[in-house]
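J.: Dropping the sequence and predicted coords here.
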Amino acid sequence: MRNLLNFLVRYNNLIIFLFLEGIAFYLISTRNNYHNSRIVNSVRSITRGVEEKINNTKSYLSLHEINERLAAENVALKNNISKLVRKESSLFFSADDSTHRQQYLHTSAEVIENSINRQRNFFTINKGESQGIKVDMAVISANSVAGVIVGCSKDYSVAMSLLNPDFKLSARIKSNGYFGSLSWDGRDYRYAILSEIPQHVLVNVGDTIETTGYSAIFPEGVIVGTVSDYEKFGGDFYKISVLLMADFKKIHFVDVIGNMKKTEQLELEKLFK
Amino acid sequence: MINSIIRFGLIFILLILIQVLLLNNIQFSGYVNPYVYIMFILLLPIEIPSWLLLLLSFVTGLIIDFFTGSTGMHTSATVLAGFVRPYVLRIVSPKDGYESGSDPSMMIYGFRWFFFYALLMVLVHHTTLFYIEVFRFADFFRTMLRVLLSTMFSMTFILLIEFYRRGK
């Protein structure tokens, strides 16, 4: 007993150290992955007030740039509307059925917290459950892939950024339709890696990469980026480096897209799995 | 006693504010993240009891973790830094030892001493932090580059703050 007490007195610092490190590593082991974002969410709720203040200041400083981008987006949208109006006028549909063609719902949101320099990046947006945001909705920024919602509170949501190795996106080469899996390798925030493209496929630098829509999260044909480099990887596949179109360093306004027919698709697919 | 608690409380709050409001929002090329909050651990009195040092390291790391949304990373790196601080102090100890009751500051022990002391501590902290963040050895050399670049930037900020303190 005395020996034990002596031991404790002698090594009390080491014991405290190991105990505190133990807590820290326990926290790390519950790290915020795709399925375990609840901790991030609850921890963030404490600091969110501060973050929003910081963001307010930042957005004020970049108002000019934001205005320009919004104006450009407006023009593009107006162009789309004028195209649609012509198309719709040549179709019949019943007046009280407003959703019979609509598969995707868009809503805009503002990014209030974002990072690009970690290994697992998340960003927070200023809309949540009360605005209809749900987990697994797609987030796009200026028509290119930005992330996917992983957790919602009443007025905020946390999205897993494309800059997170846990985020695997089904993407294809637009010109020939071959699809593979796209994810970030944790290196440069401007590039992601598209894998599983077989080597007999013709790949060119500058080819557009877009989403496939197989996952029922992202609509088909959302642009991801362009091929910047490719090399043979193993015996069968290419490892394609994709220059991302979304600039995560200045991402500010995003669109959240909900797929209204997602449950239908998933339930049907479940029957055959 | 009360005086120094207030003083270190202020330093603590100031450093955390600098870190959270300023440096966490500077997103350099993705390679460089300066972390100056570690300076709080550097500045605590030389004769502080080890258990208190460890506890304060833990709390500092935890608060930074809250603000960056990273669970545990900063805590573990800062606790390790707090644990090795007595050994680092012994390594860089000046010829005629430390004066009793003094703070490890540039004012008392000079630039050269403070530089090496801060450098060793920042290296320990950043190395732990970045390798825990990556959590694999696949990108060993790239992570090392990140550690070195970030150490350079953190050291710049820490020395600037220390020069300012000395100037006062």
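T.: Sure, I can see it. Numbers count the residues shown, from 1 in each chain, chains lettered A, B, ... in the order given.

J.: Not counting its neighbours along the chain, what's nearest the residue of chain A found nearest chain B?
T.: Going by Cβ to the nearest Cβ, chain B is nearest to A:Leu27 of chain A, at 3.0 Å. Heads up, the C-betas are built off the backbone N, CA and C, glycines and all. Excluding the flanking residues, the one nearest A:Leu27 by Cβ to Cβ, 6 or more residues apart in numbering or on different chains is B:Gly72, at 3.0 Å.

J.: before we move on, back to that, how would you label the residue of chain A closest to chain B: helix, strand or coil?
T.: helix (DSSP: H, G, I helix; E, B strand; the rest coil).

J.: Equivalent analysis for A:Lys154, please.
T.: Strictly by three-state DSSP, A:Lys154 counts as coil.

J.: Was I right to think it contacts A:Lys127?
T.: No: the pair A:Lys154 and A:Lys127 fails to qualify as a contact (Cβ atoms under 8 Å) at a distance of 10.1 Å.

J.: The two: which is more packed in?
T.: A:Lys127 (19 against 10; other Cβ atoms under 10 Å in any protein chain shown).

J.: What backbone torsions are found at that one?
T.: Main-chain torsions, A:Lys127, degrees, to the nearest 10: phi -130, psi 150.

J.: what's near enough to touch it?
T.: A:107, A:109, A:133, A:155-157, A:256 (Cβ atoms under 8 Å, 6 or more residues apart in numbering or on different chains).

J.: likewise B:Pro104?
T.: Per Cβ under 8 Å, 6+ apart, neighbours of B:Pro104: B:42-46, B:89, B:98, B:114, B:117.

J.: could you flag which of those are buried?
T.: Buried positions within the contacts of B:Pro104, assessed by neighbour count (16 or more other Cβ atoms under 10 Å in any protein chain shown), are B:42-44, B:46, B:114, B:117.

J.: Generate TSV for these, with distance to A:Asn176 as supplementary columns.
T.: Putting those into TSV (distance: Cβ to Cβ, whole Å) gives the following:
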residue	distance to A:Asn176
B:Leu42	58
B:Leu43	61
B:Leu44	62
B:Ile46	68
B:Phe114	61
B:Tyr117	60
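
J.: Most widely separated two among these?
T.: Greatest spatial distance in the buried ones among the contacts of B:Pro104: B:Leu44 and B:Phe114, 14.1 Å, computed using Cβ to Cβ.

J.: OK, contacts around the residue of chain B found nearest chain A?
T.: At 3.0 Å from chain A, B:Gly72 is the closest residue in chain B, using Cβ to the nearest Cβ. Counting by Cβ under 8 Å, 6+ apart, B:Gly72 makes contact with A:23-31, B:65.

J.: And the contacts of the helix or strand containing A:Ile209?
T.: In this assignment (DSSP states H and E), A:Ile209 forms part of strand A:208-211. Here strand A:208-211 makes contact (Cβ under 8 Å, 6+ apart) with A:145, A:169-175, A:182, A:194, A:218-227, A:240, A:242.

J.: try it again with 10 Å
T.: A:138, A:140, A:144-145, A:169-175, A:177, A:179-180, A:182, A:192, A:194, A:197, A:217-227, A:240, A:242-245 (Cβ atoms under 10 Å, 6 or more residues apart in numbering or on different chains).

J.: mind saving the C-alpha coords of that strand as CSV?
T.: Output of strand A:208-211 as CSV, limited to C-alpha atoms (Å, rounded to 0.1, in the frame of the first residue of the first chain):
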residue,chain,number,x,y,z
THR,A,208,-15.9,18.4,-67.9
ILE,A,209,-16.7,16.2,-64.9
GLU,A,210,-20.3,16.2,-63.7
THR,A,211,-22.5,14.3,-61.2
